[in-house]
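S.K.: I'll drop the sequence and a predicted model, then ask my questions.
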Amino acid sequence: MSSCEGSQCGHGQQQNEEDARIQEQLGRIGHKLLVMSGKGGVGKSSVAAYLALSLAKLGRRVGLLDVDLHGPSIPRMFGIEGVFGFTAEKRMIPHAYNEKLHIISIECLLEDRDAAVIWRGPIKHGVIKQFISDVEWGDLDFLVIDSPPGTGDEPLSVIQTIPDAKAVVVTTPQEIALADVRKSINFCKQVKMQILGLVENMSGFVCPHCNAETPLLGKGGGARTAKQMDIHFLGSLPFDPRMVEASDRGRPLLETPEDTPLLSAIGRFTAEVVDRCGKTVQPFKMCPGGGCGK
């Protein structure tokens, strides 16, 4: 029996086939954005969700990939339930939130959405690769990837699988979060991952009654850190308690007809992201009935 025969050779062939599918899929995706943070609790998933939805409202074809395997929250924020469908070729069909936005998350593969996912690194790496190779993404302008906090298995797997992904780093204004985000920035530099920029979330508390903004966690820390670390500053997003209520209902705030300081900030942030990706746009304004992106 030759050295290339048997299960080892078969495994290598499967690996080559998967890598070929990954390259085919990535060739159909314009920009890949990894939303990451050095610390939990900074609103990273909310930033990823609203960035994806805002890009879709601008008419872009968007995929939202949730690789926070131990604490997925994207499906609940969008009111998505149930398992995926499959094509005749046994590829997963993402949940269609609307015509422009399609979503994949590990939660949609679990029979019990409250079940704990207890996996080690190699299994997580394999699942993340499958979320690229075995998902019918189609042609996308943007793939937004929501990663868990820190610099562990998941962001490393994304970088290894999608070498041209760009990082959108999320922080809050206070120093305890900025200390961890500097580690994330250095992580990106060490693995030679392009950093699209830094966004400061929860830059101030927006009163839901008068829209006045109060800097509960400080102000300007994100911009100072971006300058200090020599990366681009993508803007600040205030904290609005209405976003929490909207996420709990599974209906994002951008689906409402009103305009608020948060929605305006999300529009400017999204425009800055698109501009950094090479396609300059104007910040969108909300239109009656949920916004038209014009």
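M.R.: Now that the structure is in, tell me what you want to look at. Fair warning: this is a prediction, and the values are worked out from it, not measured in the lab.
S.K.: Any regions of the stretch 1-150 of the chain where pLDDT drops low?
M.R.: 1-11, 110-119 (pLDDT under 70).
S.K.: Try it again at 50.
M.R.: By pLDDT under 50, the weakly predicted segments of the stretch 1-150 of the chain are 1-3.
S.K.: can you give me the strands for it?
M.R.: Applying DSSP state E, counting those that start in this stretch to the stretch 1-150 of the chain gives strands spanning 29-36, 62-66, 85-86, 92-93, 95-96, 101-105, 140-146.
S.K.: Okay, now the sheet partners of the second one, with direction.
M.R.: Here strand 62-66 is paired, per DSSP bridges, with strand 101-105 (parallel), strand 140-146 (parallel).
S.K.: before we move on, what about the fifth one?
M.R.: Paired with strand 95-96 in the same sheet, following DSSP bridges, are strand 101-105 (antiparallel).
S.K.: quick one: the strand it pairs with to chain centroid distance?
M.R.: The chain centre lies 10 Å from the centre of strand 101-105; the measure is CA atoms, centre = their mean, to the nearest Å.
S.K.: Same question for stretch 127-135.
M.R.: 16 Å.
S.K.: what's in contact with it?
M.R.: 18-19, 21-22, 25-26, 65, 67, 69, 90-94, 104, 106, 119, 154, 157-158, 161-162 (CB atoms under 8 Å, 6 or more residues apart in numbering). Using the backbone N, CA and C atoms, a C-beta is placed for each residue, glycine as well.
S.K.: Among the residues you listed, the buried ones, what's the PyMOL command?
M.R.: A single PyMOL command selects the buried members of the contacts of stretch 127-135 (16 or more other CB atoms under 10 Å):
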select buried, resi 18+21+22+25+26+65+67+69+91+92+94+104+106+154+157+158+161+162
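S.K.: Quick check: helices, which of the contacts of stretch 127-135 are part of them?
M.R.: Cross-referencing the contacts of stretch 127-135 against helices under DSSP state H gives 18-19, 21-22, 25-26, 154, 157-158, 161.
S.K.: Take those residues and write them to CSV, including distance to residue 145.
M.R.: Output for the ones in helices among the contacts of stretch 127-135, formatted as CSV (distance: CB to CB, whole Å):
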residue, distance to residue 145
18, 18
19, 19
21, 18
22, 14
25, 13
26, 12
154, 9
157, 10
158, 6
161, 10
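S.K.: and residue 189, what does it touch?
M.R.: Counting by CB under 8 Å, 6+ apart, residue 189 has contacts residue 195.
S.K.: give me phi/psi at it?
M.R.: phi -70, psi -40 (degrees, to the nearest 10).
S.K.: leaving aside the residues next to it on the chain, what's closest to residue 101?
M.R.: residue 56 (4.0 Å; CB to CB, 6 or more residues apart in numbering).
S.K.: Would you check that my belief about that neighbour contacting residue 50 is correct?
M.R.: No. Here residue 56 lies out of contact with residue 50, judged by CB atoms under 8 Å, at a distance of 10.6 Å.
S.K.: With residue 47 as the reference, measure out to residue 275.
M.R.: 17 Å (CB to CB, to the nearest Å).
S.K.: ah, wrong one, I meant residue 143
M.R.: Counting by CB to CB, the gap from residue 143 to residue 47 is 15 Å.
S.K.: neighbour count winner among the two?
M.R.: Legend: neighbour count by other CB atoms under 10 Å for residue 143 and residue 47, higher for residue 143 (26 against 23).
S.K.: residues contacting the more buried one?
M.R.: Contact analysis of residue 143 by CB under 8 Å, 6+ apart lists 29, 31-33, 62-65, 137, 162.
S.K.: now do residue 216
M.R.: Residue 216 sits in contact with 202, 204-205, 239, where contact means CB under 8 Å, 6+ apart.
S.K.: wait, is it part of a strand?
M.R.: No. Using DSSP: H, G, I helix; E, B strand; the rest coil, the assignment for residue 216 is coil, not a strand.
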